[in-house]
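# I'd like to go over a predicted model; first the sequence, then the structure.
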Amino acid sequence: MPSTTASMTVSRDAGRSGLGTSAGAPDAGNRLLASLPEHDSRHLAALFDTVKVEVGEVLYEPGQPIDYIYFPRDCLISLLAVAEGRMTLEVGSVGREGVLGASVALGHDQAQVRAVVQRSGTASRIVRAQFCAEFSRLESLQRLLYRYTDTLLAQAIQIAVCSRFHVLEARLARSLLITRDRLQSEKFHLTHEFLAHTLGVRRVGVTKAASALQQQKLITYSRGNIEILDSAGLEAVSCRCYELVKDSGPIGMAKVFV
C-alpha cells in the first residue's frame with residue numbers, strides 16, 4: 001500500500017488562490033447548481049467565491065473541520081479513504097456533476113475522507129455556515145443534495161467492493177473510464193503515484209496494469225499522460241462496476257438530476 005506524498009498537505013485556506021466573488025451565476029460549469037431553479041441559483045450566486053485549486057492540493061483531511069463547501073466547475077477531486085494515516089484507497093470522485101462537503105448539511109462538521117485535487121481548475125466555494133443556512137431554507141437544494149449524497153454513498157460502497165474482489169487491471173480500466181466521464185475528455189494526466197494512491201496498491205502494480213492495457217492498444221500512457229484509444233475495448237476489460245456507476249448506470253449520477 002502506498003503512503004501519502006509529502007506534497008499532499010492540507011491547507012486551512014484550501015483553494016487559497018481565490019479569483020474573487022463570482023460576478024455571474026455560480027452554476028457556470030457545475031451541473032448540480034445548474035439544476036436549481038433560476039431564482040435559487042441567482043440568490044446563491046452572491047454567496048460564492050470562485051477559487052482555483054491545484055493538482056495535489058488537499059482540501060480536506062479526515063477528522064478535520066470542514067470550513068468550505070466546493071462546487072467544482074472544471075476541476076476534479078479524488079476522495080480517498082485513509083487507513084493508519086498513510087494507506088489510501090479512492091472511494092469516489094467529485095467533478096462538475098457534484099459537490100464536495102455537502103455532508104455538513106447532515107450534521108457532519110468533520111471530513112470523513114481525504115479530498116485531493118486530481119485535476120487543477122476552478123470551483124465555486126461557500127463557507128460552511130452560509131451553506132448550512134441556505135440548505136435549511138431552500139427546498140430545491142435539499143432535494144438535490146439528498147439524492148446526490150445518497151448516490152455518492154452507493155458508488156463508494158460499490159467501489160469498495162470492487163477494490164476487494166476484482167483484479168487490478170479491471171479496476172484500473174474502471175478508474176480511467178470514470179475519470180474520462182468526469183472530465184469529459186479522452187486525454188488527461190495521472191501519475192503512477194497518484195493512481196497507486198487511488199487504487200490502494202504499489203506503483204509497480206499500476207505499471208504492470210497500465211502496460212497490459214497499453215499492449216492491448218486500449219490506452220497510451222507516457223509520463224502520466226493518458227489517452228484512451230478504444231473506449232469500447234476498455235469498457236470490455238473493466239469489471240461490471242463501471243456499468244453500475246457510470247452516469248447512466250443504475251447508481252449513476254444521472255439519477256440525481258431526474
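Okay, I see it.
# where exactly do the strands run in the stretch 51-200 of the chain?
58-60, 68-72, 76-83, 87-94, 114-119, 121-127, 187-189 (DSSP state E, counting those that start in this stretch).
# may I see those organised as CSV, with distance to L172, mean neighbour count and mean pLDDT added?
Every residue, glycine included, has its C-beta placed from N, CA and C. Rendered in CSV, the data for the strands of the stretch 51-200 of the chain read as follows (distance: least, CB to CB, whole Å; neighbours: other CB atoms under 10 Å; pLDDT from 0 to 100):
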stretch, distance to L172, mean neighbour count, mean pLDDT
strand 58-60, 23, 24, 98
strand 68-72, 23, 25, 98
strand 76-83, 14, 21, 96
strand 87-94, 11, 23, 94
strand 114-119, 15, 25, 97
strand 121-127, 23, 22, 97
strand 187-189, 14, 14, 96
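# can you list those strands in a markdown table and add distance to D40?
Putting the strands of the stretch 51-200 of the chain into a markdown table (distance: least, CB to CB, whole Å) gives the following:
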| stretch | distance to D40 |
| --- | --- |
| strand 58-60 | 25 |
| strand 68-72 | 13 |
| strand 76-83 | 24 |
| strand 87-94 | 21 |
| strand 114-119 | 25 |
| strand 121-127 | 13 |
| strand 187-189 | 32 |
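# those: which one's closest to G249?
Shortest separation from G249 across the strands of the stretch 51-200 of the chain is recorded for strand 87-94, at 14.1 Å, computed as CB to CB.
# quick one, what contacts the nearest residue to Q112 once chain neighbours are set aside?
Excluding the flanking residues, the one nearest Q112 by CB to CB, 6 or more residues apart in numbering is P62, at 6.1 Å. The contact partners of P62, taken as CB atoms under 8 Å, 6 or more residues apart in numbering, are V82, Q110, A111, Q112, V113, R114.
# torsion angles phi and psi at P62?
phi -60, psi 130 (degrees, to the nearest 10).
# next one: it from V53, what distance?
As defined by CB to CB, to the nearest Å, P62 lies at a distance of 19 Å from V53.
# about what we covered before: of the contacts of P62, closest to C132?
Q110 (14.2 Å).
# what pLDDT does the closest one get?
On pLDDT, Q110 comes in at 97.
# do the same with A105
Listed pLDDT for A105 reads 89.
# likewise V10?
Reported pLDDT at V10 in the predicted model: 50.
# count of neighbours near N225?
For N225, the number of neighbouring residues by other CB atoms under 10 Å comes to 12.
# and it, what does it touch?
Residues touching N225, when contacts are defined by CB under 8 Å, 6+ apart, comprise K187, H189.
# tell me how far it lies from C75.
Distance from N225 to C75, counting by CB to CB: 18 Å.
# so where is the stretch 101-250 of the chain shaky, pLDDT-wise?
In the predicted model of the stretch 101-250 of the chain, no residue satisfies pLDDT under 70.
# go again with 90.
Counting by pLDDT under 90, the ranges of the stretch 101-250 of the chain that qualify are 105-106.
# in the sheet, who's paired with V117?
I77 (DSSP bridges).
# test my guess that it contacts K52.
No - look at V117 against K52 with CB atoms under 8 Å: they stay out of range, at 9.9 Å.
# would you work out how far apart the start and end of stretch 50-65 are?
Between the opening and closing residues of stretch 50-65 lies a distance of 21 Å (CA to CA, to the nearest Å).
# which of the residues in it are buried?
T50, V51, K52, V53, V55, G56, E57, V58, L59, Y60, E61, P62 (16 or more other CB atoms under 10 Å).
# in the chain, which residue sits furthest out from the middle?
Residue farthest from the centre of the chain, counting by CA atoms, centre = their mean, is Q215 at 28.3 Å.
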